[in-house]
Structures are given as structure tokens and as C-alpha cells.
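1. Task: produce atomic coordinates for the following.
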Amino acid sequence: MPEKSPFIITLQLDPATFAFFNALRQKHFPSTINYLDAHLTLFHHLPPEPAINELLEKVAAKQSIITLEVAGLMKLGRGVAYRIKSEKLIGLHAYLKKQWEEWLTPQDKQKLNPHITVQNKADAEKANMLYHELVAAEYPVVAEGVGFSLWEYKGGPWQKVKDYAFLPG
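-> Sure thing, here's the model as predicted:
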């Protein structure tokens, strides 16, 4: 029996914020390796355990929509991302991390550094130019986290397993 692919968990963004960041990603991420829409990753590699789905359902059913602050840009070396600030998101992530401690990879054991990548693995000069272009551009200052998305990693593309909506504000 083939081994199941690992799970990835992302935070769903409100539709307007998602559309803004996704348009930037589609425009600036190298098209040959852009398998995904814009996203904010919470966990990169979890085993396909039923307990993960169960906890996401339980937590989402009690979690109200989270206000996020889009706190500016960050350079990724060969890319650009928008930094996200939210104490509620950090707390929620810490809670989930504690529940899944036995399954976490070294990457997922680290403190969450929430961001939305709009360019990566590009030429360093192009990345620097985009950073300076976006610094001068307007962007949403407030966004909302409206739920979780659970994905199965397929070696490049991700396959959506399920969405978990938070309670309306």
C-alpha cells in the first residue's frame, strides 16, 4: 500500500485580501514553479493522521475570524513576502503546535513567522527590484483569517482536502 502524502495547513484569507495577494503572486512568482495560489502556511509537514482533521474541526468551530495586520514587506533573498502580525494567530498556532508536538518536523517546531509570499526563487536582482516597487505601492493594511485549509502535498502541487471556516465576527 503506498504511503499517504503529508498534510500542510494554511490560514484562509478573506476574499479581497486573497485576491490582492494572489494577483501579485501570479504576476511575479516564476511561472514554471508556481503551483499554488497565495497562502499563509501554518504547518508545512504533518502526517496524514485522522487526529489532525478532528482537531481542526473542533478548533475552527470555536474560533472567530482573526484580524491580521499586513505589516509591510520582507526580503526573502530571491523573493518578496508580506509580513503578517497577529497575536491571536500566534496564540492559535502555539496551541495547535502543542497538540501535534509528537509529529512536528524541525521547521514546524519553530516560532511562526506569518507571511504571504508573492515571489520566490527568482533572480536576486528581479527580487530586489520588486521589493522596491512594492514598498512604494499601496497594499491592504488589515486583513482577516477566516478559516483553515488542509492540503495534501503532492511533490509540487497541493491537493485541497478540506476547508474549516471560523465563526463570523
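2. Give me the most central residue, this protein.
-> Nearest residue to the geometric centre of the chain (C-alpha atoms, centre = their mean): Leu40, 1.4 Å.
3. for the closest residue in space to that one that isn't next to it in sequence, what are its contacts?
-> For Leu40, ignoring the flanking residues on the chain, the nearest one in space by C-beta to C-beta, 6 or more residues apart in numbering is Leu11 at 4.5 Å. Every residue, glycine included, has its C-beta placed from N, CA and C. Leu11 makes contact with 39-40, 42, 66, 89, 114, 145, 147-149, according to C-beta atoms under 8 Å, 6 or more residues apart in numbering.
4. which residues in this structure form helices?
-> Ranges of helices within the chain are 15-28, 50-62, 87-99, 106-109, 124-135, based on DSSP state H.
5. highest average neighbour count across these?
-> With neighbours defined by mean count of other C-beta atoms under 10 Å, none of these is more surrounded on average than helix 15-28, at a mean of 17.
6. can you give me the angle that helix makes with helix 124-135?
-> Helix 15-28 and helix 124-135 are oriented at 150 degrees to each other (axes from the mean of the first three to the mean of the last three C-alpha atoms, to 10 degrees).
7. State the distance from the nearest residue to Leu36 once chain neighbours are set aside to Ile9.
-> Take Leu36 and drop its neighbours on the chain: the residue closest to it by C-beta to C-beta, 6+ apart is Trp158, 6.1 Å away. Distance of Trp158 to Ile9, computed by C-beta to C-beta, to the nearest Å: 11 Å.
8. Quickly list what the residue lying closest to Thr17 once chain neighbours are set aside is bridged to.
-> Nearest non-adjacent residue to Thr17, counting by C-beta to C-beta, 6+ apart: Ala143, 3.9 Å away. For Ala143, the beta-bridge partners under DSSP bridges are Leu68.
9. which residues sit in contact with Ala143?
-> Ala143 makes contact with 13-14, 17, 67-70, 84, according to C-beta under 8 Å, 6+ apart.
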